[in-house]
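K.L.:
3D model of this:
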Amino acid sequence: MEPMDLTEKTLSREDCFDGKLVHVHVDQVRLPNGQTAAREVVDHVDGVAVLPLDERGNVLAVTQYRYVFGKTLLEIPAGKLDPGEDPVTGALRELKEETGAVPDIFLPLGRILPAPGCYGEALYLFLARGLHMEEQALDPDEFLQVERIPFPEMVHRCLTGEIEDAKTVVAVLKAKVQLNL
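P.N.:
The predicted structure follows:
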């Protein structure tokens, strides 16, 4: 049996909102069966996230209030890429801004698509080791607390659902499996 072409072809686009971080549009598409459907799309700038491990095997994690969910979440340091910025450069910048850490070793953990059903963002994940601590440089609208949490505890919290942030769960579990941490 020959595989079906699953491609949806764009017929039209209606721009709905153009903000600082996101652009929202509704596309009319032709489905593989010839029917049409609407696709609501949120284009978002790409981002980076870093799993920083200190010499004692602790993760430098950040707790910050996430307005959309109305609560604080424990996450790994992360942020958006500037236009044209290389993911490694952006990740190193975000790590230093949020935690003050500068690594000797910086390894890629891959790229993920957080919500591909409607959200156009890719996140580049990294592992940082051999950390040297310098000054934090938080953005004016950024408020967070840095904590050091043993890596096995981070794994446990990811597996029990206590940590809900997708990029954090993926980075922790990838590091656990790929690096046998």
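
K.L.:
Quick check: which helices or strands does the worst-scoring helix or strand of the chain on mean pLDDT pack against?
P.N.:
Every helix and strand of the chain was ranked by mean pLDDT, DSSP states H and E. The lowest is strand 119-120, at a mean of 92. Of the remaining helices and strands, those touching strand 119-120 by 3 or more C-beta pairs under 8 Å, 6 or more residues apart in numbering; DSSP states H and E are strand 36-44. Quick note: C-beta positions are derived from backbone N, CA and C, even for glycine.

K.L.:
hang on, the earlier thing: can you list contacts of the least confident helix or strand of the chain?
P.N.:
Applying C-beta atoms under 8 Å, 6 or more residues apart in numbering, the set of residues contacting strand 119-120 from outside is 41, 42, 43, 44.

K.L.:
So which of these is the closest to residue 113?
P.N.:
For residue 113, the closest of these turns out to be residue 44, at 11.1 Å, with distances computed as C-beta to C-beta.

K.L.:
part of a strand, is residue 146?
P.N.:
Yes. Following the definition DSSP: H, G, I helix; E, B strand; the rest coil, residue 146 is counted among the residues of a strand.

K.L.:
So which residues of this structure form strands?
P.N.:
In the chain, strands defined by DSSP state E lie at 9-18, 22-30, 36-44, 47-52, 58-66, 71-75, 78-80, 101-112, 119-120, 123-133, 145-150, listed in chain order.
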